[in-house]
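Trainee: Structure for the following, please:
(one chain, ligands or ions: 1)
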Amino acid sequence: MTSAIPSSSTSPVGIQMTDLQRRLQTTLPDARLDISQLPGLEDISLALINADYQTGPLPGEVMHAVIANPAYWAFCWGSGLSLARWLIANPTQIASQRVLDLGPGSGVVAIAAAIAGAACVCACDNDPDAIAATEANAALNNVSIECSADLATLRPDFDLLMMADVLYDKANFGLIQIAKTISRRIIIADSRVSDVEDSDFHIIHHDTSLTLPNLGEFDEFKDVRFFEWRKTVD
Ligand SMILES: C[S@@+](CC[C@H](N)C(=O)[O-])C[C@H]1O[C@@H](n2cnc3c(N)ncnc32)[C@H](O)[C@@H]1O
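Mentor: Now for the predicted structure:
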């Protein structure tokens with residue numbers, strides 16, 4: 001189920017949503033944000049790109065803008081959806097813990113962690129628009145998330161660090177070793193890679209999820225794997 005963002009709301013969430021839509025239209029002028037409910041997660045709503053957005057050949061200048069500043073945060077990626085569902089279904093995995101969502105995009109995993117009972121939820125994304133999206137979606141869902149664009153500003157003692165669909169860029173494999181230095185446990189949910197290239201990780205869960213909205217180009221990436229690492233000595 002989707003609904004349009006309120007166009008003239010002066011509430012704090014309304015102002016955040018209007019700002020978010022302006023950010024989206026900087027790269028995709030014909031797109032809009034809709035408030036969308038997530039399949040299997042009816043308690044969470046996110047501001048996502050409209051599902052009837054016309055894909056197909058984009059004008060050259062729009063294509064350049066998208067490549068320079070892709071609005072990944074305007075989608076709920078399949079791995080984020082799977083991990084969020086798993087957290088809500090398994091709250092004991094996260095209850096009373098200090099957790100980090102690294103690469104939150106829309107903030108779906110961080111929001112699910114907060115709803116599932118984490119003691120404290122942080123989110124870190126190097127895209128300022130994703131930080132704005134996570135903050136706006138957190139407000140929309142009435143949860144509190146500490147957001148930062150810089151990992152170094154967050155206290156490095158997490159019980160659980162999660163990354164969902166962040167390994168689409170080979171350069172991000174380096175984040176895994178950094179993650180090991182700041183958290184006692186890591187869960188990587190990913191539909192793009194079948195191997196995280198670190199033998200300390202083990203697959204703990206498989207799921208099937210499509211990115212939302214599904215604009216047609218993501219169908220091959222529906223098999224989500226959860227890779228887990230735990231620190232052996234503290
Ligand atoms: C494909 S999106 C996935 C978003 C969300 N986790 C989900 O599942 O819906 C990847 C996100 O990771 C962020 N990202 C990529 N490289 C990053 C880095 N080095 N540090 C922090 N965030 C990063 C991107 O900006 C984007 O928001």
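Trainee: mean confidence for the helix ranked longest in the chain?
Mentor: As assigned by DSSP state H, the longest helix anywhere in the chain is helix 12-27. Across helix 12-27, pLDDT averages out at 93.
Trainee: what's in contact with it?
Mentor: With contacts defined as C-beta atoms under 8 Å, 6 or more residues apart in numbering, helix 12-27 is touched by 5-9, 31-33, 35, 47, 49, 62, 65-66, 68-71, 74, 129, 132-133, 135-136, 139-140. C-beta: built from backbone N, CA, C; applies to glycine.
Trainee: following it, which helix or strand shows up next?
Mentor: strand 33-38 (DSSP states H and E).
Trainee: any idea how far that next one is from the chain center?
Mentor: 14 Å (C-alpha atoms, centre = their mean, to the nearest Å).
Trainee: could I get it in PDB with only the CA atoms?
Mentor: In PDB, the C-alpha atoms belonging to strand 33-38 read as follows (Å, rounded to 0.1, in the frame of the first residue of the first chain):
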ATOM      1  CA  LEU A  33       8.300   9.900  -3.100                       C
ATOM      2  CA  ASP A  34       5.500   7.800  -1.900                       C
ATOM      3  CA  ILE A  35       5.000   6.500   1.600                       C
ATOM      4  CA  SER A  36       5.200   2.700   1.100                       C
ATOM      5  CA  GLN A  37       4.400  -0.200   3.400                       C
ATOM      6  CA  LEU A  38       6.800  -3.100   3.100                       C
END
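Trainee: residues of the helix or strand just after it that come out buried?
Mentor: For strand 33-38, the following helix or strand on the C-terminal side (DSSP H and E) is strand 41-49. The neighbour-count check on strand 41-49 (16 or more other C-beta atoms under 10 Å) flags 41, 44-49 as buried.
Trainee: Let me know the average pLDDT across strand 41-49.
Mentor: On average, strand 41-49 scores 94.
Trainee: coming back round to it: now distance to the ligand too, for the buried residues of strand 41-49, in CSV please.
Mentor: Formatted as CSV, the buried residues of strand 41-49 follow (distance: C-beta to the nearest ligand atom, whole Å):
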residue, distance to the ligand
Leu41, 12
Ile44, 12
Ser45, 14
Leu46, 9
Ala47, 13
Leu48, 10
Ile49, 12
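Trainee: okay, the residues you listed in a markdown table with distance to Cys147 next?
Mentor: Below are these laid out as a markdown table (distance: C-beta to C-beta, whole Å):
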| residue | distance to Cys147 |
| --- | --- |
| Leu41 | 21 |
| Ile44 | 17 |
| Ser45 | 18 |
| Leu46 | 15 |
| Ala47 | 15 |
| Leu48 | 18 |
| Ile49 | 21 |
